[in-house]
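Visitor: dropping the sequence and predicted coords here.
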Protein chains: 2
Amino acid sequence: MAKKISMAVIRRLPKYYRYLKELLDKDVNRISSKELSQIIGFTASQIRQDLNNFGGFGQQGYGYNVAELYNEIGKILGLNKEYNTILIGAGNLGQAIANYSGFQKSGFKMKAIFDINPRIIGLKIKDIEVLDIDILEEYVKENNIHIAVICTPKEKAQQIADVLVKSGIRGIWNFAPVDLHLPEHVVVENVHLTESLYTLSYLLNENEEATK
Amino acid sequence: MAKKISMAVIRRLPKYYRYLKELLDKDVNRISSKELSQIIGFTASQIRQDLNNFGGFGQQGYGYNVAELYNEIGKILGLNKEYNTILIGAGNLGQAIANYSGFQKSGFKMKAIFDINPRIIGLKIKDIEVLDIDILEEYVKENNIHIAVICTPKEKAQQIADVLVKSGIRGIWNFAPVDLHLPEHVVVENVHLTESLYTLSYLLNENEEATK
């Protein structure tokens, strides 16, 4: 995949994947870009354009084979692999994410949770061990960890990220409300909940103005 | 605010707000768009353009007054108001979000949690009562609720949204992995965690290809 795909296209791929799964579950075998457009809400030409980035998949006059397209998008998203995952910060949000069974089913295996609090180190949260943050670097190096989820307070997040980078991690899913500074070979995907809530607050007020 | 602001600008506002808060906490009184650019990572011209949507705020040769800009962006985001908030679906994620103190501090008051499970209805999660989903419509109507957070399984989310719309809600923060169908006077902000994780997985693989 030599061509650099735009983030806008990339962010649409999981949505295609989700809708295709629903179609599969309803035993739909094939679908035209027009029909897909009606379900997913993108235009048919947008859909064709998006999928052409990866070589097309559709057949003139036939449309898309749902199972094939689902599998291909899964592969493009890297969901045909397994990812050893750890989580740092066993607060409410951290525990909720560590326990989310959907991730396990998708191939993201939660191997350990790290925390600084001696009262919970050594416990298990569901079946996942809570380990001492002091052994984070060593653990990542020795256990072939692909993805780290940061759920620490914002003050600790960069420091943890630095340790993770040193230990060779390549992907960070960051829930701390900071923008991490990372070298180019490490990718990060942020979930900034507060920013999302503030966006909702903006939209709510804008919409009330507009529909007053 | 007659002019329709683009979503890209709106999504940058919470980030300005976050960085300005950090500057305030460090007792920085004023800042140029160039300095702000170095901290926040947008270009100085982007920053000036973004803020010009709302009337500017900067003064030639002086820059921005940090406290003033922080307050103004807060007002634009609607953070000078309080929002009565409820949450539906007291699973792990729902409980974590209901308990997140940052939201309470920002003016989002969590008034009640609704669930379908009789074993937890009537309990309190921290100080928030868990109520029966059957009284949702009545409760929203009678308690001036502004925002509902949906943390139900995907199969229930649209049904709950329909009840919320009927009860007069104007804003939905949706964590269920579905796209809700809502009338125009109701705004929605989605947090699709699985899609975010899949995006990370894509980026991880793309980046490994690129840096091999």
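Guide: Nice, thanks for sending it over. Residues are numbered from 1 along each chain as shown, chains lettered A, B, ... in the order given.
Visitor: list the contacts of the longest strand along chain A.
Guide: Ranked by residue count under DSSP state E, the longest strand found in chain A is strand A:108-115. For strand A:108-115, the surrounding residues in contact (Cβ atoms under 8 Å, 6 or more residues apart in numbering or on different chains) are A:82-90, A:94-95, A:98, A:103-104, A:121, A:125, A:128-133, A:136, A:139, A:143, A:145, A:147, B:197, B:201. Placement of C-beta: from N, CA and C, glycine included.
Visitor: partners of that strand, with directions?
Guide: strand A:83-88 (parallel), strand A:128-132 (parallel) (DSSP bridges).
Visitor: contacts for the first one next, please.
Guide: The set of residues external to strand A:83-88 that reach it, using Cβ under 8 Å, 6+ apart, is A:94, A:97-98, A:103, A:107-115, A:133, A:136, A:139-140, A:143-152, A:160, A:171, B:201, B:204.
Visitor: try it again at 7 Å.
Guide: Here strand A:83-88 makes contact (Cβ atoms under 7 Å, 6 or more residues apart in numbering or on different chains) with A:94, A:97-98, A:107-114, A:133, A:136, A:140, A:143-152, A:160, B:201.
Visitor: would you map the helices across chain A?
Guide: A:7-25, A:33-40, A:44-52, A:66-76, A:92-99, A:101-105, A:136-142, A:154-166, A:193-210 (DSSP state H).
Visitor: and the last one, what other elements does it pack with?
Guide: For helix A:193-210, the contact count by 3 or more Cβ pairs under 7 Å, 6 or more residues apart in numbering or on different chains; DSSP states H and E identifies helix B:7-25, strand B:171-174, strand B:187-190 as packing neighbours.
Visitor: ditto for the longest one
Guide: On a contact count with 3+ Cβ pairs under 7 Å, 6+ apart, helix A:7-25 meets helix A:33-40, helix A:66-76, helix B:193-210.
Visitor: count of neighbours near A:Gly168?
Guide: The tally of other residues near A:Gly168 (other Cβ atoms under 10 Å in any protein chain shown) stands at 13.
Visitor: quick check: the gap between it and chain B.
Guide: To chain B, A:Gly168 is 12 Å away according to Cβ to the nearest Cβ, to the nearest Å.
Visitor: now swap in A:Trp173 and tell me
Guide: 5 Å.
Visitor: A:Asp27 now?
Guide: In this view, A:Asp27 and chain B are 18 Å apart by Cβ to the nearest Cβ.
Visitor: list the contacts of the helix or strand of chain A with the lowest mean pLDDT.
Guide: Least confident helix or strand of chain A, by mean pLDDT, DSSP states H and E, is helix A:101-105 with a mean of 80. Helix A:101-105 is contacted from outside by A:Met110, B:Thr194, B:Leu197, using Cβ under 7 Å, 6+ apart.
Visitor: now, among these, which is nearest to B:Asp25?
Guide: Closest approach between those and B:Asp25, by Cβ to Cβ: B:Leu197, at 31.6 Å.
Visitor: and the pLDDT at that closest one?
Guide: pLDDT for B:Leu197: 96.
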